[in-house]
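Undergrad: One predicted model, sequence on top.
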Amino acid sequence: MDGVKGVRSDAAGLITTRRALLASLVGIAGIAALKLRPATATKPAVEIVADPSGTYAEAIQWLVDNDLFDTAREGTFLPGADVTREDAAIMLYRLAGAPERETLDLEPYRDIEKTARSYREIMWMRGQALFFGEYDATFQPTEPVTRAEGCSFLARLLRGMLTAHLAAGGAALAPEIDSFVDVPETYARFKDIEWARAAGVLGRDLVQRETPGGGGSDASSPVIDAQFRPDDTLVRGEFAEMLRRANALFEDAR
C-alpha cells in the first residue's frame, strides 16, 4: 500500500509479508493510501503562542514542523483555542498524508460549497465515514469538537490500521491510563475512548489525575480513575498531543 513502509527488519521477506498484511487489512477497513507520517512542505512561518503550562510545547512544534497545521490560513497557533470540525478535518487529512483518493463525488454537505478552501479535506473525512450516522446533511465547520469526538475521529480512522500493524508484529505502546472515573460503559463514545486509552493515544498529560497505579506516587505508573471530561471542548494543544501519539503508534513500521 502506498505510503506504508515495512517494519525494520534484517529479513526482507518479513518486511514484504508485513507490508502485504497491512495493505490487505487496511484495505478491508476502507482506508486507502494511508500515510501516517505527513510530508513536510514549504510553508509560511507560523507564530506559536506559548502554551502557558508548557505541557504541549513539544507536540505543537511537531504538529507545525510536519505541516499538519494550516499555516497558509492562520499565521498563529493558539494552543488554548477550540478545535473546530474544519480544523479536525485538515489535521487528520494531513496526518494521513493528504491522500489522493477521489472522494469528491460524494453527496456534499449542504453548508459546504465545492469552492470552499477545505472542501477536499472535509469530503475526505466523509469518505472515511468519520461522521457516519451522527450528523445531518450539514457539516457545521465552525462547531467545536469535544474530547470524546476527537477520540472517535482517531479510533475510526486508525483502529483497523493499528489492528493490522499489531497482527504483523508491530510494537504496542504501553497505556499511561488504567481507567476513567467519568467514562462509564454506557457512555455513547465509550468504545472509542477506551480504544484511545488502551492504544496510548491518551496520555497522563490529557487527564486530571486521581490515583497513581498501585496506590503509589510513581509518575510512570498508569493513572487509575482519571477524569477525562469527555464532553469538554478539545483544544488545539490537546489535539496536537493526540495526533503526535497517534503517529507514534506506527513508528516501527517506517
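TA: Great, that's in hand. Everything numeric here is computed off the predicted structure, so don't read it as measured data.
Undergrad: the strands in this protein, which residues?
TA: Secondary structure of the chain, counting by DSSP state E: strands at 47-48, 76-77, 211-212, 223-224.
Undergrad: among these, which is nearest Ala198?
TA: Within the strands of the chain, the stretch nearest Ala198 is strand 223-224; the backing value is 13.4 Å (CB to CB). To be clear about C-beta, it is placed using only N, CA and C from the backbone, and glycine gets the same treatment.
Undergrad: Now do that closest one, average pLDDT.
TA: The average pLDDT for strand 223-224 rounds to 91.
Undergrad: Show me how far it is from its chain's centre.
TA: Between the centre of strand 223-224 and the centre of its host chain there is 22 Å, according to CA atoms, centre = their mean, to the nearest Å.
Undergrad: which strands and helices sit next to that strand?
TA: For strand 223-224, the packing partners by 3 or more CB pairs under 8 Å, 6 or more residues apart in numbering; DSSP states H and E come out as strand 211-212.
Undergrad: so Ala240 touches Ile60, yeah?
TA: Yes: in this structure Ala240 lies within contact range of Ile60 using CB atoms under 8 Å: 4.9 Å.
Undergrad: which residues touch the nearest residue to Leu158 once chain neighbours are set aside?
TA: Nearest in space to Leu158, with sequence neighbours left out and distances taken as CB to CB, 6 or more residues apart in numbering, is Ala246 at 6.1 Å. Applying CB atoms under 8 Å, 6 or more residues apart in numbering, one finds that Ala246 lies in contact with 36, 95, 154, 158, 201.
Undergrad: what separates Ala246 from Leu68, distance-wise?
TA: 11 Å (CB to CB, to the nearest Å).
Undergrad: any shared contact partners between the two?
TA: By CB under 8 Å, 6+ apart, the residues touching both Ala246 and Leu68 are Leu95.
Undergrad: any idea how far the closest residue in space to Arg197 that isn't next to it in sequence lies from Gly203?
TA: Sequence neighbours aside, Ile177 is the residue nearest to Arg197 in space, at 5.1 Å (criterion: CB to CB, 6+ apart). Using CB to CB, Ile177 is found at 7 Å from Gly203.
Undergrad: neighbour count winner among these two?
TA: Ile177 (22 against 19; other CB atoms under 10 Å).
Undergrad: residue boundaries of the helices in the stretch 151-254 of the chain?
TA: For the stretch 151-254 of the chain, the helices defined by DSSP state H, counting those that start in this stretch cover 190-199, 236-248.
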